[in-house]
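Trainee: Quick one: sequence plus predicted model below, questions after.
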Amino acid sequence: MTIKNGMVVTLAYTLTDAEGDVIDKADAADPFVYMHGAHQIVPGLESQLEGLKVGAKKKVTVGASEGYGEVDPELQMHVKRTQFPAEMELEVGMQFEASGADGTDVLFTVLELVGDQVKIDGNHPLAGEILHFDVEVVSVREATAEEEQHGHAHGPDGHHHH
Ligand code: ZN
């Protein structure tokens, strides 16, 4: 079985940033499962996994534009402290969801607190980062009928609820 569109793929991986710090990882005991070609992983990784077989190991470097995107300065903005609930304790680095310009929920990160101003950032926390994936293909299988219908994977055995 090789990785191609519509297949359900189980991966073990370590994701590190340009400084070598581990950002995220999934191991054999708690692997990551996705449907190939369904845009559930960053495009630069998905394209590099195409055609790999079970047991394959690969190091993949993904630039920001093929990863979580470049940093968009327009998504970094100042808002008034009073726009947050008074009881909410704000601190740098905290994240919260709010409606973005197009009405969908966007994850914002608090960058700075200055006086009654709060600088927030709606970019993905990994925007602008070069991503280094160290990947091992644990398994590859056909999608179940239900997964095909839903357009996503239902866990390693295809029966996970979600
Ligand atoms: Zn589903």
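Mentor: Everything's here; your move.
Trainee: Flag the helix or strand of the chain with the lowest per-element mean pLDDT.
Mentor: Lowest by mean pLDDT, DSSP states H and E among the helices and strands of the chain is strand 95-99, with a mean of 89.
Trainee: quick one: contacts of it?
Mentor: Strand 95-99 has contacts (Cβ atoms under 8 Å, 6 or more residues apart in numbering) with 105-110, 125. From N, CA and C alone the C-beta is placed, and that goes for glycine too.
Trainee: where exactly do the helices run in the chain?
Mentor: 43-49, 145-150 (DSSP state H).
Trainee: mean pLDDT for the ones you listed: which is lowest?
Mentor: When the helices of the chain are ranked by mean pLDDT, helix 145-150 comes last with a mean of 94.
Trainee: Just the endpoints, please. Distance across stretch 25-38?
Mentor: 21 Å (Cα to Cα, to the nearest Å).
Trainee: Tell me which residues touch residue 107, please.
Mentor: Contacts of residue 107 by Cβ under 8 Å, 6+ apart are 95-97, 122, 124-125.
Trainee: hey, what's it bridged with?
Mentor: Residue 107 has these beta-bridge partners by DSSP bridges: residue 97.
Trainee: What of the one 10 residues further on?
Mentor: Bridge pairing for residue 117 (DSSP bridges) gives the partners residue 80, residue 114.
Trainee: residue contacts, it?
Mentor: Residue 117 neighbours (Cβ under 8 Å, 6+ apart): 78-81.
Trainee: re the thing from before, farthest-separated two in the contacts of strand 95-99?
Mentor: 105 and 110 (16.5 Å; Cβ to Cβ).
Trainee: out of those two, which sits in the more crowded spot?
Mentor: When residue 105 and residue 110 are compared for neighbours, residue 110 comes out ahead with 17 against 9, by other Cβ atoms under 10 Å.
Trainee: Nice, that's everything, thank you.
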